[in-house]
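> Compute the structure for the input listed below.
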Amino acid sequence: MDWLAPLNLTDFTAPGAGLLLGIGLALGIALGIALGWSIRAGIDKRDESAALKALITDLHLKRPLAPIEPQIIESAGDEARCRRSVLDARDRILETLAHLRTGSPNTDVLMRLSAACTLYLREATRAPELYQFALMDLRETMVDGVKLLSDGRRRVRYLSPGERPPGKPGKAGRPSNAGKFGHRRMLSRRR
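This is a model prediction of the structure:
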């Protein structure tokens, strides 16, 4: 503490020195708390955006949510596949809820999407021959919900549910000689 001697801060009998030290300490603590809170809020916001982006992409890849002209179907073979897909979508929606910040406005939207999935499952169970009509009602709710989830966000963009491009994801636009490790082959040829 000898290095403090020239500043004469070791003697707290000087008027206002203790007060000045106390104010400095309080400001330091407040600044530390504010900085920690803002960093945590940024991390939470990024986690929420990533979860919403993953959910929107997952809904985009669900073929049963693609727009169709609904018909009355006598054999409900495809209905079981659609039911599994909607169950999976509802599970994903509920998982995404766990990644939302406390008080997030997206909570209500995800709850509506989950309720719409549950409603579809009930209607499809009661009248399997009319499942396509219930599926298009679900799709309409999903489209509205995804638009709300992606509205005004830089990192979360809108992808229409069920309207992924035809073919397997990732295969479009690849050269015919590019296999699983095509980029390695191309690099080795350059050497």
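
> from here on, contacts and neighbour counts on C-alpha atoms
Fine.

> for the protein, which helix is longest?
Ranked by residue count and defined by DSSP state H, the top helix of the chain is helix 17-60.

> Provide a list of residues in contact with the residue lying closest to residue 47 once chain neighbours are set aside.
What sits nearest to residue 47 in space, not counting adjacent residues and going by Cα to Cα, 6 or more residues apart in numbering, is residue 99, at 6.5 Å. Counting by Cα atoms under 8 Å, 6 or more residues apart in numbering, residue 99 touches 47, 48, 51.

> Settle this for me: the second one is touching residue 100, isn't it.
Yes - the pair residue 48 and residue 100 qualifies as a contact (Cα atoms under 8 Å) at a distance of 5.0 Å.

> quick revisit: report the rounded mean pLDDT for the longest helix of the chain.
The pLDDT scores in helix 17-60 average 77.

> so what secondary structure elements neighbour that helix?
helix 77-97 (3 or more Cα pairs under 8 Å, 6 or more residues apart in numbering; DSSP states H and E).

> Could you pull out the buried residues of the helix it packs on?
Residues of helix 77-97 classed as buried under the neighbour-count rule (16 or more other Cα atoms under 10 Å) are 79, 82-83, 85-90, 92-94, 96-97.

> what's the angle from it to helix 17-60?
170 degrees (axes from the mean of the first three to the mean of the last three Cα atoms, to 10 degrees).

> which other residues reach helix 77-97?
With Cα under 8 Å, 6+ apart, helix 77-97 has contacts from 51-52, 55, 58-59, 62, 64, 107, 110, 113-114, 117-118, 121, 124, 128, 131.

> again, only this time at 6 Å
With contact meaning Cα atoms under 6 Å, 6 or more residues apart in numbering, helix 77-97 is reached by 51, 64, 114, 117.

> Okay then, goodbye and thanks.
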